[in-house]
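Need coordinates for the following:
(one chain, ligands or ions: 2)
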Amino acid sequence: MKTIMVIGSGQMGGGIAQVAAQAGYSVILNDIKEEFVNRGLSIIEKNLRRNVEKGKLNGPDMEIILGRITKSVSLQDAALADLVIEAAVENMKVKAQIFSQLDVICPEHTILSTNTSSLPITEIAASTKRPEKVIGMHFMNPVPVMKLVEIIRGLATSDEVYKTIEELSLEMGKIPVEVNDAPGFISNRVLIPMINEAIYTLYEGIATVEAIDNVMKLGMNHPMGPLALADLIGLDTVLSICEVLHEGLGDKYRPCPLLRKYVKAGWYGKKSGRGFYNYNS
Ligand SMILES: CC(=O)CC(=O)SCCNC(=O)CCNC(=O)[C@H](O)C(C)(C)COP(=O)(O)OP(=O)(O)OC[C@H]1O[C@@H](n2cnc3c(N)ncnc32)[C@H](O)[C@@H]1OP(=O)(O)O
Ligand SMILES: NC(=O)C1=CN([C@@H]2O[C@H](COP(=O)(O)OP(=O)(O)OC[C@H]3O[C@@H](n4cnc5c(N)ncnc54)[C@H](OP(=O)(O)O)[C@@H]3O)[C@@H](O)[C@H]2O)C=CC1
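Ligands and ions are numbered 1, 2, ... in the order given. Presented below is the predicted three-dimensional model:
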């Protein structure tokens, strides 16, 4: 495998492109508009520069890593990819459409993977004629820092494809964990109800945003509180995941009305400048 195409250059796609380029792969970073690709690239550059300043990377190596990443605004560029990692929005319609197009564009050997947080891999695979080559490769945010990759097989995923993705995750410096295809897998089935419950405590006026986060940071040694973490993930993504859990697993996963309200207001968290915290001031 030589070339990896990453679709979506938001916070996850950018991070995935960075770790893939650091592992020595040629990376095609794709999004709908060039300005989004440029934004993703500038974050990668900022991360690498910080590593140079800390003495963890030297300048010439940084240039080599950046030189491995090319920009793309056309899905047709997937014709050059041995592996695609899709990290567009958490929406089944969008993902199914991307995968059905990729199936036509990509060579026969290309593996199609998705970084979905919660959606069924089997259903995404069914939008292609190569379900044996479709797999979930679920990175954690922020990608350059977090060790875990959940690997999720769809019903038809082949052992060979699983093994390739497991080896690639290790090459990227990650620790793969195999998980069956179920709503939210393990990570988000456990994490998102905690975040949703934290939002309910705010909604019910039990404590302030800061107090809720402090309880979980100081009381449970979490590196960040659940509301700050929700802002980091993106409240639109948290809501989408919560809806998948609610639909697939029942009423106890119902999204808090306050979460819905914030998303309707465009308060998506850190990426939009406003969520439970205000990032503009
Ligand atoms: C929704 C899903 O589907 C799945 C998910 O991803 S759920 C979210 C999972 N992620 C988490 O739970 C994150 C929890 N938070 C944390 O682990 C930490 O708060 C954190 C890693 C984000 C920041 O750590 P911190 O110690 O508070 O801050 P800080 O000292 O600034 O950063 C620690 C290191 O991470 C790096 N870092 C922090 N944010 C980064 C980012 N966005 N990109 C790249 N590197 C980053 C820093 O440069 C620093 O690196 P060094 O050790 O080389 O100096
Ligand atoms: N945020 C997190 O903590 C995690 C998220 N994930 C998953 O990763 C995926 C991406 O999330 P995240 O990076 O946070 O989201 P972002 O909103 O930061 O980025 C998504 C990017 O994909 C672009 N996009 C949307 N549709 C398409 C398309 N058809 N083709 C190409 N690009 C497209 C978006 O453009 P535009 O802005 O125009 O919509 C945006 O630039 C989601 O499936 C999410 O569930 C997985 C693990 C953790």
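
Can you show me the CA trace of stretch 42-55 as PDB?
Extracted C-alpha coordinates of stretch 42-55, given in PDB (Å, rounded to 0.1, in the frame of the first residue of the first chain):
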ATOM      1  CA  SER A  42      -2.600  24.700   7.900                       C
ATOM      2  CA  ILE A  43      -3.600  22.800  11.100                       C
ATOM      3  CA  ILE A  44      -1.300  19.900  10.200                       C
ATOM      4  CA  GLU A  45       1.500  22.400   9.600                       C
ATOM      5  CA  LYS A  46       0.900  24.100  12.900                       C
ATOM      6  CA  ASN A  47       1.000  20.700  14.700                       C
ATOM      7  CA  LEU A  48       4.200  19.700  13.000                       C
ATOM      8  CA  ARG A  49       5.800  23.100  13.700                       C
ATOM      9  CA  ARG A  50       5.000  22.800  17.400                       C
ATOM     10  CA  ASN A  51       6.800  19.400  17.400                       C
ATOM     11  CA  VAL A  52       9.800  21.000  15.700                       C
ATOM     12  CA  GLU A  53       9.800  23.800  18.400                       C
ATOM     13  CA  LYS A  54       9.700  21.100  21.100                       C
ATOM     14  CA  GLY A  55      12.600  19.300  19.500                       C
END
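
Pop the domain breakdown of the protein in here.
3-180, 188-270 (the TED database).

what about the first one and ligand 2, any contact?
This points to domain 3-180. Yes. Interface with ligand 2: domain 3-180 contributes 7-13, 30-32, 36, 87-90, 94, 98, 115-117, 138-139, 141 (CB under 6 Å from any ligand atom). C-beta here means a position set from N, CA and C on the backbone, and glycine is covered the same way.

on that earlier part again, same list (the domains of the chain) but as TSV, adding distance to Tyr279, mean pLDDT and mean neighbour count.
As requested, the domains of the chain are arranged in TSV below (distance: least, CB to CB, whole Å; pLDDT from 0 to 100; neighbours: other CB atoms under 10 Å):
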stretch	distance to Tyr279	mean pLDDT	mean neighbour count
domain 3-180	13	98	19
domain 188-270	6	98	18
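
For these, give me CSV that also has distance to Ser281.
Output for the domains of the chain, formatted as CSV (distance: least, CB to CB, whole Å):
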stretch, distance to Ser281
domain 3-180, 21
domain 188-270, 13
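
Roughly how far does Ile28 sit from Ile4?
Remark: distance between Ile28 and Ile4 (CB to CB, to the nearest Å) = 7 Å.

Find residues that contact each of those two.
Ala81 (CB atoms under 8 Å, 6 or more residues apart in numbering).

Run through who's touching stretch 181-199.
Stretch 181-199 is contacted from outside by 117-118, 120-122, 136, 138, 140, 148, 150, 152-155, 177, 179, 212, 216, 225-227, 229-230, 233, 238, 241-242, 244-245, 247-249, 252-253, 255-256, 258-259, using CB under 8 Å, 6+ apart.
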